[in-house]
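> How does the following fold in three dimensions:
(chains A and B)
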Amino acid sequence: MSARASEPAVAASLRGVGFAYERLDVLVGLDLEVRKGELLACVGPSGCGTSTLLAILGGHLRPTRGELERAGTSRTIYQDGGLFPWLTVAENVSAGVPRGTSHAEASRKVEDWLTTTGLSEFRDHHPHQLSGGMRQRVELGRALVAETDLLLLDEPFSALDYQTRVRMRRELVTTLAARPRTVVLVTHDIEEAVQLADRVVVLGARPSSVRRVLELPAGKRPRGPADPGVGAAEETLLEELGLA
Amino acid sequence: MGAALLAAWWGAHANGMFPTGTVPAPDEVWRAFVGEVENGRLFDDIVASLYRVAFGYVGACLTAVPLGLVLGRSSGARAALLPWINFFRTLSPIAWIPFAIIWFGIGDPPAIFIIFLATFFQIALATAAASASVPKVYYRVAEDLGLRRGEILFQITLPAIMPHLLTALRVAIGVAWMVVVAAEMIAVRSGLGFLIIDARNGLRMDLVVVGMITIGAIGVLLDFAFARLARARSVRWGFDR
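Take a look at the predicted model:
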C-alpha cells in the first residue's frame, strides 16, 4: 500500500485489486476511486467482500493483487461494536485523540465531541450501560475526534432498530455537514445507501469486482422516498442485485 | 445455615450417633480452638500456611499470566506448548511430592513448589483462553488509533481479559489453599496442614476439626477478597453485563 495521493480529488484509488483468504478468492480485479469529500456507499450480495474491501481501504488487510493508493489516515466504525467496554464514554472518545495532542487540547476535543454527539451527561457511563444508538454515537465521536481523512463505516447501523437507524442516519449527515470527511459506507440496506450516498458502488457475487457505480442526484440528505431520483435509484440497485 | 449445621452436629453427638472417638463434640472443638489461640500455635500455623500459599500462588501468577498471553496470541506457541501443558496439568500435584522433597529438601520450598504447580497450569490455560477470545475488532481499532505493541498489551489485551483473569485467579487461590494442606503434610513442621496431620497422629480429632474449620474460614475470606476485587472499576464492566 502506498500512502501517496494519486491526484488531489481522489482520497483512495484501487486498481486491479484482488484479495483471497487462503484459496478463497473474495475480490478480483476491483477498480474503484473514492473521491475526496464524498460519501460512497458500497452494496452487494451477502458475503461478496464489502467488509474485506473496507479492511483493505483501512490498511488492515493487504491486497493479494493490484494496487491501493490512499492519502492520509483512516478510522473505521464496525457493526459489531469496536468500543472498548472497560473504558467510559469520555475515555473511549479520548482514545481517538491523535497522539501528540496536548492534554488541554485533547480535553477540549473530547468535550466538543461529547457535546456534538449529545453524550455529555453519559460521559462516565460504560458502553454496556448505553443503548445501541448511543454506542454508535460514541463510535462516531471516537472516529471523528481525530479529524482523519477517511471514515470507513462497516454496516454501522445494521444492529439498530428502525427508528434509531433513521435517527442515526440524520445525525451522521448533520455531523458530516459540520465536519466534512470522505466516507465509505458498507451497507446491505439499499434504502440507507440511497438516502445517504453521493455514489453507490455495487459489487457482484464472490469473487467480486465492481458491477456498477451509480451517481445519485445532489440535494438534501438524508433523501426522502419522494425526493427526485430516489425511487429510480432503488429500483436500479435492486435490479443490479437481482432482487427486482 | 451455620446454626442449623451446628445444632445438627450437637444433637447427633449428644444422642450418640457417632462411634466413640470418631467425631468430637462442638464444645470439645471450641475448647481446643481456645487452647490453640491462647498458646499462639494457631496464629503461627495460619501465618506459615498463608506465607507458603502467597509465594506459590504469586509465583504462579507472575509466570503463568505472561505464558498465557503468549499462548493466546500465538497459534505456533499454542501448537508447541499446549500438549505439554495439558500433560502436566492432568498430573496431580501430590504426585510431585517425592520430587519436591528430593529437589528442594525440607522446609517451605517443597510446599511452595507444590502450590505453584497446582495453580500454574490452571492460570496459564485460563489466561490463554481469555487472551485468544479478545474480539479481533479491538485490535483493528487499536491499529486505527496507532497503538504500538506494548501499548496494545497494556491498553487492549490486559484490560479486555481482566474479568476472565480475575475469575481464573479466584478459582486458583481456592485451589492453592486446598493444596496447602497436602503440601504441609510433607517436609514441614508448621502450617494448618501440619496441624491436621499432627493432630491425627495424636488422635486429637478436636484439633483436626479446628484445623479444618480454620482452613475453610480463611478460604471464605480469600474468596470474599477476590469478590471485592471484582467491584473494581477496571473489571466491573465484565460482571455488570
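> Which stretches in chain B count as helices?
All helices of chain B, identified by DSSP state H, fall at B:2-14, B:26-38, B:41-73, B:75-89, B:97-104, B:108-132, B:136-144, B:149-152, B:158-183, B:192-201, B:205-229, B:233-240.
> the inter-axis angle of the second one versus helix B:192-201?
If you take axes from the mean of the first three to the mean of the last three Cα atoms, to 10 degrees, helix B:26-38 sits at 130 degrees to helix B:192-201.
> again with the third one
In terms of direction (the same axes, to 10 degrees), helix B:41-73 departs from helix B:192-201 by 130 degrees.
> could you give the mean pLDDT of the lengthiest helix in chain A?
Across chain A, the longest stretch assigned as helix under DSSP H is helix A:162-178. The average pLDDT within helix A:162-178 is 85.
> which stretch in the helices of chain B is the model least sure about?
Considering those one by one, the lowest average pLDDT is found for helix B:233-240, at a mean of 78.
> Run through the neighbouring helices and strands of that one.
Packed against helix B:233-240 by the contact rule (3 or more Cβ pairs under 8 Å, 6 or more residues apart in numbering or on different chains; DSSP states H and E) you find helix B:158-183. The way it works is simple: take the backbone N, C-alpha and C, and place the C-beta from them, glycine included.
> what packs against the helix it packs on?
Looks like helix B:158-183 contacts helix B:41-73, helix B:108-132, helix B:192-201, helix B:205-229, helix B:233-240 (3+ Cβ pairs under 8 Å, 6+ apart).
> what does the third one contact?
Going back to what we said before, that points to helix B:192-201. Residues external to helix B:192-201 that are found in contact with it (Cβ atoms under 8 Å, 6 or more residues apart in numbering or on different chains): B:36, B:41-42, B:45-46, B:48-49, B:180-185, B:188, B:205-208, B:210-212, B:214-215, B:218.
> which stretch among the helices of chain B comes nearest A:Lys220?
Of all the helices of chain B, helix B:136-144 sits nearest to A:Lys220, with 30.9 Å by Cβ to Cβ.
> Using CSV, write down the CA coordinates of the closest one.
Once non-C-alpha atoms are left out, helix B:136-144 reads as follows in CSV (Å, rounded to 0.1, in the frame of the first residue of the first chain):
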residue,chain,number,x,y,z
LYS,B,136,-10.4,-9.0,16.8
VAL,B,137,-12.2,-5.8,16.3
TYR,B,138,-10.4,-4.3,19.3
TYR,B,139,-7.1,-4.9,17.6
ARG,B,140,-8.3,-3.3,14.4
VAL,B,141,-9.4,-0.3,16.3
ALA,B,142,-6.0,-0.2,18.1
GLU,B,143,-4.3,-0.2,14.7
ASP,B,144,-6.5,2.7,13.6
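> Hmm, B:Ala111 is touching B:Ser190, no?
No. At 9.8 Å, B:Ala111 and B:Ser190 do not qualify as touching, with contact defined as Cβ atoms under 8 Å.
> Those two - which one has more neighbours?
The residue with the greater number of neighbours, taking B:Ala111 and B:Ser190 and applying other Cβ atoms under 10 Å in any protein chain shown, is B:Ala111; the counts read 33 against 20.
> Not counting its neighbours along the chain, what's nearest that one?
Closest residue to B:Ala111 in three dimensions, ignoring its sequence neighbours and counting by Cβ to Cβ, 6 or more residues apart in numbering or on different chains: B:Ala183, at 3.9 Å.
> List the contacts of the one you found.
With Cβ under 8 Å, 6+ apart as the criterion, the residues that contact B:Ala183 are B:Arg52, B:Gly56, B:Pro93, B:Pro110, B:Ala111, B:Ile112, B:Ile114, B:Ile115, B:Gly193.
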